[in-house]
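Trainee: please find the sequence and the predicted model below.
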Amino acid sequence: MPPPARSPAAGVRRRLPLAFLFLPLLLLLLLLHLTSSPARSPNSPLLRGSGDGEPRQRGACDYASGEWVPDDDDPAVSGGLRYDQTCREIFKGWNCLANGKRNGRELLRWRWRPRGCELPRLDPLRFLERHRNTSIGFVGDSLNRNMFVSLVCMLRGASGEVRKWRPAGADRGFTFLRYNLTLAYHRTNLLVRYGRWSTSPNGGPLESLGYKQGYRVDVDIPDQTWAEAPSFHDVLIFNTGHWWSAPSKFNPVQSPMLFFEKGIPVIPPLLPPAGLDLALKHMVWIIAVVVF
């Protein structure tokens with residue numbers, strides 16, 4: 001049964017909101033916004049920014065469009081960094097502060113400001129309170145890993161009672177015991193299953209087109225690293241994209257991406273952008289089936 005024709009970013013619901021966002025920054029910013037914003041009347045037409053105090057129209061905010069701006073007025077920054085090199089969850093090779101990277105401390109002195117509105121700053125304690133008894137899963141490549149580690153480090157500054165484990169086959173995960181809030185990271189480069197492919201002695205459609213080797217990418221089969229995530233987490237944050245255009249891994253001549261659907265090659269072969277679109281449609285459909 002083919003997946004329905006729908007946007008890859010469409011959402012479905014189960015116990016708590018489940019978001020299918022392939023730009024992870026958007027959902028994380030939304031979570032922080034809901035966590036930090038004071039309650040307002042649903043009839044109020046304006047949302048007052050937390051920075052310059054300028055009124056912003058509620059319907060004008062696009063979290064995906066904006067710019068990084070200095071955050072020198074943030075008390076957590078002016079009086080000390082949001083977190084520092086002592087956060088154990090930062091990989092040693094990626095710890096800019098501990099490794100003495102030039103201007104490393106300045107990397108934490110910026111915030112994202114969408115055009116048309118202001119995002120309140122993260123209040124770690126309020127985030128923990130608002131997400132009691134919740135499990136949040138980050139699924140994707142190193143971009144999502146960085147998002148995951150950053151959030152964990154900020155929250156650990158407010159609550160150090162943490163259990164480290166690997167829920168639902170995650171690469172790593174943490175539960176903030178006092179709040180029963182779980183954060184986990186599931187590592188996957190393409191979201192879908194892939195592996196080396198080479199010619200068969202019996203030949204086939206790809207061999208007839210001259211292909212001798214490459215990577216088989218099954219657009220309708222999720223990577224095993226996150227197969228259990230949809231039935232475990234209340235919120236899922238997806239990202240993918242970088243690896244789909246990485247010539248160092250998927251060389252279009254020497255090791256091209258060869259897309260398979262229902263176990264057979266997609267003919268004519270697809271270019272990576274079209275393969276990505278097809279994979280996202282399948283993944284959204286599969287997750288919706290698991291949720292419902």
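Mentor: All right, it came through fine.

Trainee: so Arg121 sits right up against Arg111, yeah?
Mentor: Yes. The pair Arg121 and Arg111 qualifies as a contact (Cβ atoms under 8 Å) at a distance of 7.2 Å. (Each C-beta comes from the backbone N, C-alpha and C, glycine too.)

Trainee: quick one: Arg109 from Pro124, how far?
Mentor: 18 Å (Cβ to Cβ, to the nearest Å).

Trainee: of those two, who's got more company?
Mentor: Just comparing Arg109 and Pro124: by other Cβ atoms under 10 Å the higher neighbour count belongs to Pro124, 20 against 15.

Trainee: the more buried one touches Leu155, doesn't it?
Mentor: Yes. Counting by Cβ under 8 Å, Leu155 is a contact partner of Pro124 at 5.2 Å.

Trainee: now do stretch 271-286: distance to the chain's middle.
Mentor: 16 Å (Cα atoms, centre = their mean, to the nearest Å).

Trainee: quick check: bridge partners of Phe259?
Mentor: Val217 (DSSP bridges).

Trainee: surely it meets Pro269?
Mentor: Yes. Counting by Cβ under 8 Å, Pro269 is a contact partner of Phe259 at 6.9 Å.

Trainee: higher neighbour count, those two?
Mentor: Phe259 (25 against 17).

Trainee: neighbouring contacts of the helix or strand hosting Val139?
Mentor: Taking DSSP states H and E as the definition, Val139 sits inside strand 134-140. The contact list for strand 134-140 (Cβ atoms under 8 Å, 6 or more residues apart in numbering) reads 16, 24, 31, 144-145, 147-148, 167-168, 170, 180-188, 191, 226, 229, 232-240.

Trainee: rerun that using 6 Å as the cut-off
Mentor: Outside strand 134-140, the residues that touch it by Cβ atoms under 6 Å, 6 or more residues apart in numbering are 144, 148, 181-186, 226, 229, 233-240.

Trainee: please apply the same query to stretch 213-223.
Mentor: 188, 192-195, 197-198, 250, 255-261, 278-279, 282.

Trainee: quick one: distance of that stretch to the chain centre.
Mentor: Centre to centre, stretch against its chain (Cα atoms, centre = their mean), the figure for stretch 213-223 is 20 Å.

Trainee: Gly169 contacts Glu228, correct?
Mentor: Yes. In terms of Cβ atoms under 6 Å, Gly169 counts as a neighbour of Glu228; the distance is 5.3 Å.

Trainee: now do the strands in the stretch 51-200 of the chain.
Mentor: 55-57, 62-70, 110-115, 134-140, 162-165, 172-176, 181-187, 192-198 (DSSP state E, counting those that start in this stretch).

Trainee: what strands line up against the fifth one, and which way round?
Mentor: Meaning strand 162-165. strand 172-176 (antiparallel).

Trainee: in the strand it pairs with, what counts as buried?
Mentor: For strand 172-176, the neighbour count (16 or more other Cβ atoms under 10 Å) marks Arg172, Gly173, Phe174, Thr175, Phe176 as buried.
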